[in-house]
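Visitor: following is a predicted model, sequence given first.
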Amino acid sequence: MAEARQVDVVVVGLGVGGEEVAGRLAAAGLDVIGVEHRLVGGECPYWGCIPTKIMVRAGNALAEARRIPGLAGSSTVEAHWAPVARRIRDEATDDWNDKVAVDRFTGKGGTFVRGTASLTGPGRVRVGDQEFAASRGVVIATGTAAVIPPIEGLSGTPYWTNREAVEAATLPASMLVLGGGAIGCELAQAYARFGVRVTVIEGSPRLLAQEEPESSEVARAALEADGVHVITGARAARVAHEDTFQVTLTDGTVLTGEKLLIATGRAARLSELGLETVGLDPAARHLTTDDRMRAGEKIWAVGDVTGHGAFTHMAMYEADIAVRDILGEGGPGADYRALPRVTFLDPEIGAVGMTEHQAREAGLNVRVGYVPLNQTSRGFIHGPGNEGFIKLVADADRGVLVGGTTAGQSGGEMIGAVSVAVHAAVPVATLLSSIWAYPTFHRGFGEALKPLA
Ligand SMILES: Cc1cc2nc3c(=O)[nH]c(=O)nc-3n(C[C@H](O)[C@H](O)[C@H](O)COP(=O)(O)OP(=O)(O)OC[C@H]3O[C@@H](n4cnc5c(N)ncnc54)[C@H](O)[C@@H]3O)c2cc1C
Ligand SMILES: NC(=O)c1ccc[n+]([C@@H]2O[C@H](COP(=O)([O-])OP(=O)(O)OC[C@H]3O[C@@H](n4cnc5c(N)ncnc54)[C@H](O)[C@@H]3O)[C@@H](O)[C@H]2O)c1
């Protein structure tokens, strides 16, 4: 093997987080190697956020058109998948080609290496027969991959993960979805709105189990309204595939579907990284980081691998902190109190910070405000499609919000206000004295805040 090339920084994985770190460090004048074995940009643009939200946008347009009767006349809606598949292939992913993204990075002065990287010691990375010695250190941004549960018969069948569901040029007649988290719910609704017969099988007692119970109810009602068969508290015991999939649940129920989507969570890609060469545990679920995203000697970690929340905005947030630390720029460290997330169902389910349950578990003196959107003026005006609610969770001792959920037409947008309040610890008294525009959905904040006084 040739002698190690001396550089400033090696970034392993150029997904959302890694591309941001590598690009900014290169633009700042450092000698940066960026290593990626699939596509620069990672899961979000090619198989995650962007293509799935293109599907959601299209499904929502269909749903809104179907709401015209009773509001504005009549509508005949014919759903076609071809424009959705075309937008994903041509506009969003360049047919799963990352040339533009690679050029973006090299244009900032970075050196791109296509391949699988592994650590060989502090600051040292191997990619194929190339070795790099990074004087400042290595940034791990290797993201997550779909978890495939060890169900009898599943391995070896042509099951789908989010990748095949996103790449589909045509739709199946029917689809079984294992897992009712964000991926399962979003794809189930989008597919159902294009006429696919969808069944969701969720192991825990409710969908979106990490969120408020009220969010789970909204999600279930929304899916069922679109004809999705939702089964909760059920486990798959066996999978078989001939022409179609057969999933046998532990209670003996047999379900069939043309496709089977596995959406049972994601796991950090850590096991093949050579973490043992830098004193870290390769069997760990995530890389533990301090508030500067440092994970060990000459090692930073950002994005899904840190386990703080598998979201693009989290990867970007942590990338910014790591960049500032590597460049010695200072500034605020990581603070996860106000982590926002949006499940892009119709209605959208936005949430930030703690759920009521988490706040009680944390021993806070909890107060809760809750308003169903259909009881607000805007909800009444909106009519069909006005499902949702605002729920605010306050720490009564400190007089501030610690979390909230905004489910509804613009739930993903509304959560921004709660996010600011939690992040900046705005006193509930100050929020109560605010003026909320009439008739908006967010005017419901005024009502939801009243019990928190
Ligand atoms: C279906 C779906 C929908 C989603 N929707 C949303 C959404 O609406 N909003 C949101 O905020 N988040 C969403 N997410 C989550 C979001 O995509 C991730 O949080 C984000 O991509 C994480 O960025 P990352 O850089 O940590 O990892 P990734 O984007 O996974 O990038 C990691 C990169 O590292 C590369 N890599 C791994 N190991 C190596 C190695 N050894 N050598 C070289 N390269 C390596 C991988 O090929 C990959 O490109 C969604 C995810 C999925 C799957
Ligand atoms: N809108 C967004 O921001 C968005 C969208 C999609 C994904 N994501 C990110 O990607 C992550 C992964 O999404 P996900 O939906 O795969 O994971 P998830 O962890 O959110 O949900 C997985 C679900 O599968 C269930 N499950 C696990 N094993 C099962 C089994 N054997 N049988 C039946 N059910 C089982 C779990 O109980 C859980 O409810 C999310 O947590 C989120 O961070 C975000």
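Guide: In hand now; what should we look at? Everything numeric here is computed off the predicted structure, so don't read it as measured data. Ligands and ions are numbered 1, 2, ... in the order given.
Visitor: so what's the residue count around the residue of the stretch 151-300 of the chain found nearest ligand 1?
Guide: Going by C-beta to the nearest ligand atom, ligand 1 is nearest to Asn162 of the stretch 151-300 of the chain, at 3.7 Å. Any C-beta I mention is one placed from the backbone N, CA and C, and that applies to glycine too. Look at Asn162: counted by other C-beta atoms under 10 Å, it has 21 neighbours.
Visitor: correct me, but it touches Leu187?
Guide: Yes - between Asn162 and Leu187 a contact is recorded at 7.1 Å, counting by C-beta atoms under 8 Å.
Visitor: who touches both of those two?
Guide: Any residue near both Asn162 and Leu187 by C-beta atoms under 8 Å, 6 or more residues apart in numbering counts here, and that gives Thr52, Leu261, Ala263.
Visitor: want to throw these into CSV with distance to Glu413?
Guide: CSV is the format used below for the shared contacts of Asn162 and Leu187 (distance: C-beta to C-beta, whole Å):
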residue, distance to Glu413
Thr52, 18
Leu261, 28
Ala263, 25
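Visitor: kindly reformat those as CSV containing distance to ligand 2, neighbour count and secondary structure.
Guide: Output for those, formatted as CSV (distance: C-beta to the nearest ligand atom, whole Å; neighbours: other C-beta atoms under 10 Å; DSSP: H, G, I helix; E, B strand; the rest coil):
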residue, distance to ligand 2, neighbour count, secondary structure
Thr52, 7, 21, helix
Leu261, 10, 27, strand
Ala263, 5, 26, coil
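Visitor: for this structure, which residues are neighbours of ligand 2?
Guide: 149, 178-184, 186, 201-204, 209, 235-236, 263-266, 309-311, 341-344 (C-beta under 6 Å from any ligand atom).
Visitor: just the buried residues out of these, in ChimeraX syntax.
Guide: The ChimeraX selection below is limited to those of the residues of the chain next to ligand 2 classed as buried (16 or more other C-beta atoms under 10 Å):
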select :178,179,180,181,182,183,184,186,201,202,203,204,236,263,264,266,309,310,311,341,342,343,344
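Visitor: show me which of the residues of the chain next to ligand 2 neighbour ligand 1.
Guide: Ile183, Ala310, Phe311, Phe344.
Visitor: greatest separation within these: which pair is it?
Guide: Among these, the pair separated by the greatest distance (C-beta to C-beta) is Ala310 and Phe344, at 14.6 Å.
Visitor: quick one on the thing from earlier: JSON lines please, covering the ones next to ligand 1 among the residues of the chain next to ligand 2 and showing distance to Gly252, secondary structure and pLDDT.
Guide: Below are those laid out as JSON lines (distance: C-beta to C-beta, whole Å; DSSP: H, G, I helix; E, B strand; the rest coil; pLDDT from 0 to 100):
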{"residue": "Ile183", "distance to Gly252": "27", "secondary structure": "helix", "pLDDT": "98"}
{"residue": "Ala310", "distance to Gly252": "34", "secondary structure": "coil", "pLDDT": "98"}
{"residue": "Phe311", "distance to Gly252": "38", "secondary structure": "coil", "pLDDT": "98"}
{"residue": "Phe344", "distance to Gly252": "35", "secondary structure": "coil", "pLDDT": "98"}
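Visitor: pretty sure Glu277 contacts Leu119?
Guide: Wrong residue type there; residue 277 is Thr, not Glu. Yes - counting by C-beta under 8 Å, Thr277 touches Leu119, with 5.1 Å between them.
Visitor: okay, those two: which has more neighbours?
Guide: Set side by side, Thr277 and Leu119 show more neighbours around Leu119, with 24 against 15, by other C-beta under 10 Å.
Visitor: in the stretch 151-300 of the chain, which spans are strands?
Guide: Taking DSSP state E, counting those that start in this stretch, the strands of the stretch 151-300 of the chain run over residues 174-178, 197-202, 229-232, 236-241, 245-249, 254-257, 259-262, 266-268, 294-296, 299-301.
Visitor: so for Glu387, which of these sits nearest?
Guide: Smallest distance to Glu387 across the strands of the stretch 151-300 of the chain (C-beta to C-beta): 15.5 Å, for strand 229-232.
Visitor: hmm, who's touching the closest one?
Guide: 180, 197-202, 204-207, 220, 223-224, 249, 253.
Visitor: what segments of the stretch 1-150 of the chain are helices?
Guide: Taking DSSP state H, counting those that start in this stretch as the test, the helices found in the stretch 1-150 of the chain are 16-27, 43-47, 49-66, 82-86, 99-107.
Visitor: got it, and the stretch 251-400 of the chain?
Guide: 312-326, 356-361, 377-382.
Visitor: right, I'll leave it there.
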